[in-house]
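> Kindly return the folded structure for what I paste below:
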Amino acid sequence: MESLEILHKFGVAVAIGAVVGIERHWRERDEPDGHRAAGLRTFTLVGMLGGTAGLIARSLANAGSASGIVIVGFFVAFSAVFAVFQLRDAIADKTYSATSVIAAMVTFALGVIAVNGDTSLASAGGVALVAILASREFLHAFMRRLTWIELRSAIILLGMTFLVLPLVPSEPVGPFGGISLSETWLLAIILAGISFCGYIAVRLLGSRRGELVAGAIGGLISSTAATVTNARRSTSGENAPTLAAGALGACAVSYARTALLVAMLAPPLVRDLIPPLLAAAAAMTACAVALARMESSDHPEQPAENPFDLDTVIKMALMLVVIAFMARAAASWFGDAGVVIVAALSGLADVDAATVTIAGMEETLPASLAALAIGAAVISNTVAKATYATVFGTRAFYRRFILASLAALAAGSTVYWLVAKA
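Residues are numbered from 1 along each chain as shown. Below is the predicted model:
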């Protein structure tokens, strides 16, 4: 049984080399025999060599010898020989690329890992290596189109997420549950991320389709944040109607997400809430799609500008945190008796928190009261987003957003009334 396992691991090492070799060979498939530097056979042998080094190291480890030195020796010797060979080939062809050398070194290392470590990890590494090699044209075109503003914004977003966020204290400060600095900073990251995703979507798909895709992504994270972000962008000269369509798409996804939460957490409320939520989502989606199509014929494509402004992002995050704090304070003052009012106040910042809270209380609350509370949170959130659109957006933005919001509320309310009467 152990021999079969070793044979399987060795086969994976050889397969990794063969897959990489196919990609390398394909790029030079028109070269005559003898003029191809390293193709299918060579890289298959590289994977086999790495597997062989792993087998030797495995045997020495069982015998109590220092196996690591063997692997290092094999790796250094192979890398040196292959690099010299590639150097001579590069001089002959007058080319300057270290890709094949690095690919061969990684293939060798993955062969060692496949035999002497985690086979699944080695296989995943082989697939990733081939994907990177095969994406040369796409990556080169991407780098040619990349601007300094885009690169700077990406670096800032990565720094905010992986450098600053782990250092920010997570303990809440203040009464009524307090304000968490880490949650505030995370909200700023979400806002910046939504704006950045919107920017990328617009660059790839154009302003009409890109805003709808970005809006759907934003709705999965925070439709409130997506609405505020697009409203602020409308004041900088970007196409307000397409931005409104993106924000409406985020709101439609938010309705659908709330329906999913109700279905998962509070099955007794499905009959009362799922139909009106889906009706509101459908109305909002129809408005977003119709608006995007209508405006596409009247407005030229808008050039993508700065992905996000850090000062604006932080100010928006602070604003939403303050509103959430005020909602918690009101909940503390009203108590359990004002569950509908508390849900409505919570919806000013986030409808998910109210939905999850009420769903967890549905065993102690009458179904009709629980449904009314969640409905109040949804309506409050919709009205709040319309207010944010009015405060932060242009007239062209908030006028369309408000009309679509009214249509969604009308559709949801009508279906809710029909279900209640049934």
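
> Any regions of the stretch 1-150 of the chain where pLDDT drops low?
1-2, 30-37, 62-67, 93 (pLDDT under 70).

> rerun at 80
1-3, 27-39, 61-68, 88-98, 142, 145-146, 150 (pLDDT under 80).

> Just to check, Ser79 is in contact with Met105?
Yes: counting by Cβ atoms under 8 Å, Met105 is a contact partner of Ser79 at 5.4 Å. Using the backbone N, CA and C atoms, a C-beta is placed for each residue, glycine as well.

> okay, and for the stretch 201-350 of the chain, where does confidence drop off?
201-222, 225, 237-239, 265, 291-343, 345-350.

> where exactly do the helices run in it?
Using DSSP state H, counting those that start in this stretch, the helices of the stretch 201-350 of the chain run over 207-221, 223-234, 240-265, 270-296, 310-334, 339-346.

> Let me have the ones you listed in a markdown table, adding mean neighbour count and distance to Ala411 as columns.
Formatted as a markdown table, those follow (neighbours: other Cβ atoms under 10 Å; distance: least, Cβ to Cβ, whole Å):
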| stretch | mean neighbour count | distance to Ala411 |
| --- | --- | --- |
| helix 207-221 | 24 | 17 |
| helix 223-234 | 29 | 17 |
| helix 240-265 | 25 | 10 |
| helix 270-296 | 20 | 4 |
| helix 310-334 | 17 | 26 |
| helix 339-346 | 23 | 20 |
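
> Using TSV, please lay out these together with distance to Ile379.
Output for the helices of the stretch 201-350 of the chain, formatted as TSV (distance: least, Cβ to Cβ, whole Å):
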stretch	distance to Ile379
helix 207-221	17
helix 223-234	14
helix 240-265	11
helix 270-296	10
helix 310-334	15
helix 339-346	7
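
> of all these, which lies closest to Ser59?
helix 207-221 (51.1 Å; Cβ to Cβ).

> Phe138 is nearest to which of the helices of the stretch 201-350 of the chain?
Nearest of those (Cβ to Cβ): helix 207-221, 18.4 Å.

> Give me the domain ranges for this protein.
2-142, 146-421 (automatic domain parsing).

> Quickly compare those and say which is most buried.
Comparing the domains of the chain by mean neighbour count (mean count of other Cβ atoms under 10 Å), domain 146-421 comes out on top with a mean of 19.

> Report how far apart the opening and closing residues of that domain are.
The stretch domain 146-421 measures 57 Å between its terminal residues, going by Cα to Cα, to the nearest Å.
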